[in-house]
Each structure stands twice: as structure tokens, then as C-alpha cells.
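Engineer: Next come a sequence and a model predicted from it.
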Amino acid sequence: MAGVGALGPVVADASPKLPGISAQDLLAKVQTAKVDGLSGTVRSDADLGLPAIPGMAGAGSSQLTEMLSGTHTARIAFATPDKARVSVLDNQAERVWTTDGTSAWAYDSAKREATKLTLPAHKNAKPERATPKSYDPQSVAKQFLDAIDPTTNVQVSGTEKVAGRDAYKLRLVPKTDKTTVGSVTLAIDSKTWVPLDVTVMPRTGNDPALEVGFTSVTFDVPSASTFSFTPPKGVKVTDQKVPAKRELPRSNVAPKRIDPKSPAAAASKPTVIGQGWDSVVLLKGAMPTAGATANGPLAQLLAKAPTVQGSWGEGKIVTSKMVSALITDDGRVFAGLVTPGTLQAAAAKAPR
């Protein structure tokens, strides 16, 4: 199969006992797996070694930072073509994201706030656009499957039980030394070929940096009522409408078109530099420039970070055992699961 650097042997004597399968065949089944629905409970454990940001602990921390550390539990449900629900349970509080295809809800019990989105009247909406992917093992697995290239060793490393189901273990090992990822192991359901668990090991250390997996799962299609939501009494509700993508402004003046190569377009979305395991994301205008003053926790973090420079300019490097980020003096941010040297090489290639 194109994109696979080395394929491991057929499983013959692993437990539980399953028919032998080659890495190439298992990979093909995973990449084409489709189910009409599922529901279950997902547990995530993350320790990416991210540096603590002064003043950001406790209730003031963002949901993203919370997800990237510690242990979390979520109940998820999915039904084709456009229904999904994620309910995250943390610290006796609940956050819910759900869509039934016509409307979507986001609810935070701690804040006692809910937002209702009325979706466009077309059939192109997909549930992953309305619900977070971080608690879906299938979505997490896809991020690493997309990184497979000739520098990846792919092998079937055994079998195991996950959420009471028999699964094959598909192990991905980057050959390049430019990434901080040591290996990724996917537990693949032996009947549906859906990833049930994802374990990411860092290049250094013996403990997983990330594990996301089902503790219970069923592949029955959930009932329609699963995706409905009624806000509790006393909850503040905000109504919003998502405009259809093809909806044009009602004006006699033609809408202004932005050149994709223009600075305005470049600043409006992230740019990916490199491929596979060496990929680096570039965000322009995401940070204060050298002429501006960074305040608060950000300033404290950057003050402790080492200064680096090259043909791309000067900036600060923030590192952990998995994630690295380069913040340049002109406000650009380069980040990825790569080494600091890889970040600086990407910066040297990036347009200003």
C-alpha cells in the first residue's frame, strides 16, 4: 500500500485469539471503516508535559488546557448522517455538545449557560463540525493515520480486549527523529474495524503522553431522542443562527474577493508546513509583535523561555516532552509534535 514504509508480520499467537491479518490489510480496513451509529463512554488520560502558565490554574484555565492534561470522562453518541452528542463529566460539572441535524446545543452546567445554534437547511452538515473531536477515539486515530508516510513502520503488534471487545493492535512507529512521537498504538475492533483506543508514547520516557479509549461501547444506532436537548430551568440560553455557506450579502455591490496569497488571507487561517510526522502549524498574527507588550501569564511564560534566532528572525522556544512552539518577535507561532530544531527549519521555509 502506498504510504506505508514497512509492514509488520501477521499475528499468529496473540491473545485473545483472532484470525491472522497483515498490517497492510488491517490498515486498509481501518481507513475504510464505517458504522451507522455507536454510543459509549470514553476515558482520556493526557500528560503532554506542557509547562505551567502562571495565573492560569483553577477555574480560569481554558477547556483546551484542561483536555491536554489529567483524566477526563465523556459519554458520546453518533448516528449517520448528521447526529452526534458528547457529554463531558468533570468535577461534578457537565459540558454537553449535541446536534440532531437541524440545531446544535452547547451547554455548561457550571456556568449555567447554553447556546442554541440553528443550522442551515441543507444536508451537508456533518456532526463533527458541531461537536468536539478530542473525545472520539476514531477522530484522534485519524490524525495519526494521516501522518503515515514512507518514514513510518506499521505493524500488527498483538491483540487485546477493549471495552469487552476483541481488538487488533496496530502500531505506528515514526522512523524520523524530527518528531517527539515515539509510537502510536491503535486498538482496532475486530468486527467493525473502528479504533477503540489510541495510545501515544513520547520518544523519551516510559509513560503514555496520551490515551483515549472506550471503557464501554455499543454499535447499535442510538434513538433520535439521544440527540435532543432541553436546558434545565434557570439556565441562560443564547440563540444563534449559522448562515448557509452559499448565502451572499444582499447588495448591489459585488462582494470583495481576497487573493489567497494576500497577507489578509494568510492571517485568517493556519498554514501547515511539511508533511506527516514533521508537520508544523503556522499561525500568523496570533501573538503580540516585538513592538507590542505581552501582559500577564503569557509574558511570564515567555520571559522564562530561551531565545533563539535564525534566518527567519528571533523568537522564543517553549517545549515539552511532546509539544513544541516557536513564538517569533513578529507575532508568528509555529507549533507541532516536533523537535525545536524542526520548528526553526520550518520557520526558515515559511513566507513572511
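Structural biologist: Yes, it's here. Residues are numbered from 1 along each chain as shown.

Engineer: Going by C-alpha atoms from here, please, whenever you check contacts or count neighbours.
Structural biologist: Noted.

Engineer: which residue ranges form the helices in the stretch 151-300 of the chain?
Structural biologist: 263-268, 296-304 (DSSP state H, counting those that start in this stretch).

Engineer: Quick one: mean pLDDT for the longest one?
Structural biologist: Helix 296-304 shows a mean pLDDT of 72 in the predicted model.

Engineer: For the very next helix or strand once past that helix, list every residue counted as buried.
Structural biologist: Using DSSP states H and E, the helix or strand that follows helix 296-304 towards the C-terminus is strand 307-310. For strand 307-310, the neighbour count (16 or more other CA atoms under 10 Å) marks no residue as buried.

Engineer: Identify all contacting residues around whatever helix or strand comes next after strand 307-310.
Structural biologist: Downstream of strand 307-310, the first helix or strand assigned by DSSP H and E is strand 313-319. Residues external to strand 313-319 that are found in contact with it (CA atoms under 8 Å, 6 or more residues apart in numbering): 50-51, 302, 305-309, 324-329, 340.

Engineer: Could you check the angle the following helix or strand past strand 313-319 makes with strand 313-319?
Structural biologist: For strand 313-319, the following helix or strand on the C-terminal side (DSSP H and E) is strand 324-328. Strand 324-328 runs at 150 degrees relative to strand 313-319, counting by axes from the mean of the first three to the mean of the last three CA atoms, to 10 degrees.

Engineer: so what strands line up beside the next helix-or-strand element following strand 324-328?
Structural biologist: Using DSSP H and E, the helix or strand that follows strand 324-328 in sequence is strand 333-336. If you go by DSSP bridges, strand 333-336 pairs up with strand 280-283 (antiparallel), strand 324-328 (antiparallel).

Engineer: Please enumerate residues in contact with the longest one?
Structural biologist: What that stands for is strand 324-328. 287, 289, 313-319, 333-340, 343-344.

Engineer: could you redo the last one with a cut-off of 6 Å?
Structural biologist: 314-318, 333-336 (CA atoms under 6 Å, 6 or more residues apart in numbering).

Engineer: Nearest to residue 136, out of these: which one, please.
Structural biologist: residue 336 (20.6 Å; CA to CA).

Engineer: show me what contacts that closest one?
Structural biologist: 280, 323-324.

Engineer: One more pass at 10 Å, please.
Structural biologist: Residues in contact with residue 336 (CA atoms under 10 Å, 6 or more residues apart in numbering) are 179-180, 272, 277-282, 322-326, 342-343.

Engineer: And residue 321, by the same measure?
Structural biologist: Residue 321 makes contact with 47-51, 180-181, 202-205, 209, 337-339, according to CA under 10 Å, 6+ apart.

Engineer: circling back: which single one of the contacts of strand 313-319 is nearest to residue 197?
Structural biologist: Taking those together and measuring to residue 197 by CA to CA, the closest member is residue 50, at 22.6 Å.

Engineer: before we move on, back to that, among the contacts of strand 324-328, who's most crowded?
Structural biologist: residue 334 (26 neighbours; other CA atoms under 10 Å).

Engineer: Could you pull up the residues touching it?
Structural biologist: 270-273, 280-284, 317, 324-328, 340, 342-344, 346-347, 350.

Engineer: Can you tell me the SS state at residue 29?
Structural biologist: What DSSP: H, G, I helix; E, B strand; the rest coil gives for residue 29 is helix.

Engineer: thinking again about what came up before, emit the ChimeraX select command for whichever of the contacts of strand 313-319 are buried.
Structural biologist: Buried residues among the contacts of strand 313-319 (16+ other CA under 10 Å), as a ChimeraX selection:
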select :50,302,305,324,325,326,327,328,329,340
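
Engineer: from the contacts of strand 313-319, which single one is nearest residue 95?
Structural biologist: residue 50 (23.6 Å).

Engineer: what about the closest residue to residue 340 other than its chain neighbours, distance to residue 94?
Structural biologist: In space, and not counting its chain neighbours, residue 340 is closest to residue 324: 6.3 Å by CA to CA, 6 or more residues apart in numbering. Per CA to CA, to the nearest Å, residue 324 is found 31 Å from residue 94.

Engineer: repeat for residue 179
Structural biologist: From residue 179 to residue 94 the distance is 35 Å (CA to CA).

Engineer: Secondary structure element for residue 20, which one?
Structural biologist: Going by DSSP H and E, residue 20 is not in any helix or strand.

Engineer: wait, it sits on residue 169?
Structural biologist: No - Residue 20 lies out of contact with residue 169 (CA atoms under 10 Å); the separation is 11.9 Å.

Engineer: Between the two, tell me which one has more neighbours.
Structural biologist: Neighbours per residue, other CA under 10 Å: of residue 20 and residue 169, the larger number sits with residue 169, 24 against 16.

Engineer: and the more buried one, what are its bridge partners?
Structural biologist: Those that pair with residue 169 in a beta bridge, by DSSP bridges, are residue 158, residue 187.

Engineer: oh, and call the first residue 42 from now on, that's how I've got it
Structural biologist: Got it, the first residue is 42 from now on, which makes the last one we talked about residue 210.

Engineer: Quick check, pLDDT for it.
Structural biologist: Reported pLDDT for residue 210: 96.
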